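Participant: return atomic coordinates for the entry below.
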Amino acid sequence: MRLRLTATVVLALACCLAPLAGVTTASTGGTGAMDAQASTTPWSVPDRIVDQPGDPVVVPVRLGENETTATVTIANDSIGYRLTATVTDQNGDGRVFLVWNTYHAGVAPESSLDRVVSAGLDRVTNATRSSARREAHLPEGRYDVTVTHDDQQVAAGAVVLDIDPLRSQSMRVLEGPPEANATTALAQSSLSSAVELDEWLFIEVNDSSIHGYVTGVAGLTGRGTEGVTMHIQQKNGGPAVDLSEAEFVHRPQRDVFVLAFPPNTSSFEADATYRATFTVAESNPYAVTQERVIQDFRVLPAGAEQDGSNIEVVEVDAQESVIEGKDAMFTVTLLNSGERTGTATLNVSLDHVSTTREITLSPQTRTTVTVPVNTEPLTEGTIPYRVSVEGGERTLTGDLNVTLTGDPPNTNPTLAPRTEEGQPGFGLVAGVVAVLLLVGAARHRV
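Facilitator: Model (predicted):
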């Protein structure tokens, strides 16, 4: 069985870690309050965070009411390690997310403690460290976290660094549209075992244990940084692919890094099969044994496949009728059956009135949108509608009734108009009755 290293969170995820893109988030526990005064103020740090040695650990520190600074200490007395830092709440949200990089924590020189501890949108000042392990990475174990304010301890918690043998390691190959830059093409990429020569080729590696120290392509070549290497070569031999031709895209929030090879990279040949091998050597301080993951892929000639986005309208749900001047609501379902993320212009037309909407869809997905169309320029009657994607091959049509009012039609009309004095025709009938009564009275007198 191949052992793995992982970061395991055992408590509820802190909901406010989004501002710290680029670091591994961790979880929060109880209040960690130290005395009766603390119970009436929000001072707190997590009771326990479990993480992989070598990963950046986020320690959320909640400050007391109307307080902006605190001193945080992370210590393991059994190995003589102690890190102290003053933190300042810069954005006034009452919290500081202290980032402790456990890879650099034991080996970075005193002049580079900014690589050991930081605070994202907030600020760290006066960081100091005392350690008997100046030449070694931090081992597994429990590291106590305390918060002091005005020389009083107000909260306490712990970080536990632990090797998890169950972490999965993986690698995958993706292809992206050639006309975009690396970031945009990656966002629009799709899985593929065969990538055309004129497309972006992405090799994505999932391995959380290296995020503390591999930050570029150079860290993966030669003997690599701490024995972490990437090697790409044709399966039938030949020179290795020059990794310096790739852009390094770091996504630590997803525990991945990506080698992005631009279209027409000179190291690749068409009609050839390549093997990418990612290795974490046993000499790595956090490896239980050597770890290796392999992924094969094929490079095709430019234009060998007809791929891209293919967005079409597949269903329309429209109202039967609408009052003139009101918006007619159309619920439209679109499908992208292509192999690329794409953007298309949806057009909904009522006679000569049209409304457009830009729709972006991932490969092999569908979405439903609601589009209002203004009927004010239209007249009463049955109006045809058309729904389609510009440049698409499919158009769905139908009819919609535009009415002057929302009242149901009168199926039993009267000859006389409705008046404010009474029901329709009442004035005429009353007049006739009055004349007849007068005539009858006159005859009676005679």
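Participant: can you tell me how far residue 94 sits from residue 58?
Facilitator: 16 Å (Cβ to Cβ, to the nearest Å). From N, CA and C alone the C-beta is placed, and that goes for glycine too.
Participant: comparing the two, which residue is more hemmed in?
Facilitator: residue 58 (24 against 15; other Cβ atoms under 10 Å).
Participant: which strands and helices sit next to the helix or strand harbouring the more buried one?
Facilitator: Applying DSSP states H and E as the criterion places residue 58 in strand 56-62. Contacts defined by 3 or more Cβ pairs under 8 Å, 6 or more residues apart in numbering; DSSP states H and E place strand 56-62 against strand 49-51, strand 69-76, strand 95-101, strand 152-161.
Participant: give me whichever of these is most buried.
Facilitator: Mean neighbour count (mean count of other Cβ atoms under 10 Å) peaks for strand 49-51 among those, with a mean of 25.
Participant: and the angle for the strand holding residue 58 with strand 69-76?
Facilitator: 140 degrees (axes from the mean of the first three to the mean of the last three Cα atoms, to 10 degrees).
Participant: ok and strand 56-62 relative to strand 95-101, angle-wise?
Facilitator: Using the same axes, to 10 degrees: strand 56-62 against strand 95-101 is 160 degrees.
Participant: quick check: angle from strand 56-62 to strand 152-161?
Facilitator: Going by the same axes, to 10 degrees, strand 56-62 makes 150 degrees with strand 152-161.
Participant: any idea how far strand 56-62 is from the chain center?
Facilitator: 22 Å (Cα atoms, centre = their mean, to the nearest Å).
Participant: what does stretch 379-386 give?
Facilitator: That offset, for stretch 379-386, works out to 41 Å (Cα atoms, centre = their mean).
Participant: oh, and call the first residue 485 from now on, that's how I've got it
Facilitator: With 485 as the first residue, the last one maps to stretch 863-870.
Participant: strands of the stretch 735-884 of the chain, residue ranges please.
Facilitator: Secondary structure of the stretch 735-884 of the chain, counting by DSSP state E, counting those that start in this stretch: strands at 740-745, 756-764, 775-784, 795-802, 805-807, 811-820, 826-834, 837-845, 849-858, 865-873, 879-887.
Participant: looking at those, which is buried most?
Facilitator: Ranked by mean neighbours (mean count of other Cβ under 10 Å), those are led by strand 740-745, with a mean of 22.
Participant: quick one: mean pLDDT for it?
Facilitator: In this model, strand 740-745 has an average pLDDT of 93.
Participant: pairing partners for it, with directions?
Facilitator: Partners of strand 740-745 in the sheet, by DSSP bridges, are strand 684-690 (antiparallel), strand 731-735 (antiparallel).
Participant: out of everything not next to it in sequence, what's closest to residue 711?
Facilitator: Closest residue to residue 711 apart from its sequence neighbours, by Cβ to Cβ, 6 or more residues apart in numbering: residue 765 at 3.0 Å.
Participant: now the spatially closest residue to residue 585 that is not a sequence neighbour: how far from residue 698?
Facilitator: Spatially, and ignoring its direct neighbours in sequence, residue 585 is nearest to residue 540 (4.8 Å; Cβ to Cβ, 6+ apart). For residue 540, the distance to residue 698 (Cβ to Cβ) stands at 13 Å.
Participant: and what of residue 586?
Facilitator: 15 Å.
Participant: near residue 576, how many other residues are there?
Facilitator: 8.
Participant: so what's residue 828 up against?
Facilitator: Going by Cβ atoms under 8 Å, 6 or more residues apart in numbering, residue 828 touches 793, 795, 818, 842, 843, 845, 873, 874, 875, 876.
Participant: low-confidence ranges, the stretch 685-834 of the chain, go.
Facilitator: 691-697, 736-737, 789-792, 823 (pLDDT under 70).
Participant: run through the bridge partners of residue 856.
Facilitator: Using DSSP bridges, the bridge partners assigned to residue 856 are residue 813.
Participant: let me see the contact set for it.
Facilitator: Residue 856 neighbours (Cβ under 8 Å, 6+ apart): 811, 812, 813, 814, 839.
Participant: ok, now how distant is it from residue 540?
Facilitator: Distance from residue 856 to residue 540, by Cβ to Cβ: 47 Å.
Participant: again, but for residue 675
Facilitator: Look at residue 675 and residue 540: by Cβ to Cβ, they are 28 Å apart.
Participant: looking at these two, which one has more neighbours?
Facilitator: Between residue 675 and residue 540, residue 540 has the larger neighbour count (other Cβ under 10 Å), namely 26 against 12.
Participant: measure the more buried one to residue 581 for me?
Facilitator: 11 Å.
Participant: give the residues shared as contacts by these two.
Facilitator: The contact lists of residue 540 and residue 581 share no entry, where a contact means Cβ under 8 Å, 6+ apart.
Participant: strands along the stretch 485-634 of the chain, start to end?
Facilitator: Under DSSP E, counting those that start in this stretch, the stretch 485-634 of the chain gives strands at 496-497, 511-512, 533-535, 540-546, 553-560, 565-572, 579-585, 601-602, 607-614, 625-633.
Participant: rank those by pLDDT, which is bottom?
Facilitator: Taking the mean pLDDT of the strands of the stretch 485-634 of the chain, strand 496-497 comes last: a mean of 29.
Participant: rewinding a little: let's have the contacts of residue 856 in JSON lines, adding distance to residue 529.
Facilitator: Formatted as JSON lines, these follow (distance: Cβ to Cβ, whole Å):
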{"residue": "811", "distance to residue 529": "52"}
{"residue": "812", "distance to residue 529": "56"}
{"residue": "813", "distance to residue 529": "51"}
{"residue": "814", "distance to residue 529": "53"}
{"residue": "839", "distance to residue 529": "53"}
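Participant: which two of those have the greatest separation?
Facilitator: The span of the contacts of residue 856, defined through Cβ to Cβ, is set by 813 and 839 at 10.9 Å.
Participant: now the common contact residues for the two.
Facilitator: 855, 856.
Participant: what's across from the closest residue to residue 889 other than its chain neighbours in the sheet?
Facilitator: Closest residue to residue 889 apart from its sequence neighbours, by Cβ to Cβ, 6+ apart: residue 807 at 6.5 Å. Listed by DSSP bridges, the beta-bridge partners for residue 807 are residue 887.
Participant: what's the separation between residue 807 and residue 581?
Facilitator: From residue 807 to residue 581 the distance is 53 Å (Cβ to Cβ).
Participant: among the contacts of residue 828, show me the least confident.
Facilitator: residue 793 (76).
Participant: and which of the contacts of residue 856 is nearest residue 663?
Facilitator: So of these, ranked by how close each gets to residue 663 (Cβ to Cβ), first place is residue 839, at 28.4 Å.
Participant: what's the spacing between that closest one and residue 700?
Facilitator: With Cβ to Cβ as the criterion, residue 839 and residue 700 are 48 Å apart.
Participant: kindly report the same for residue 748.
Facilitator: Residue 748 is 23 Å from residue 700, by Cβ to Cβ.
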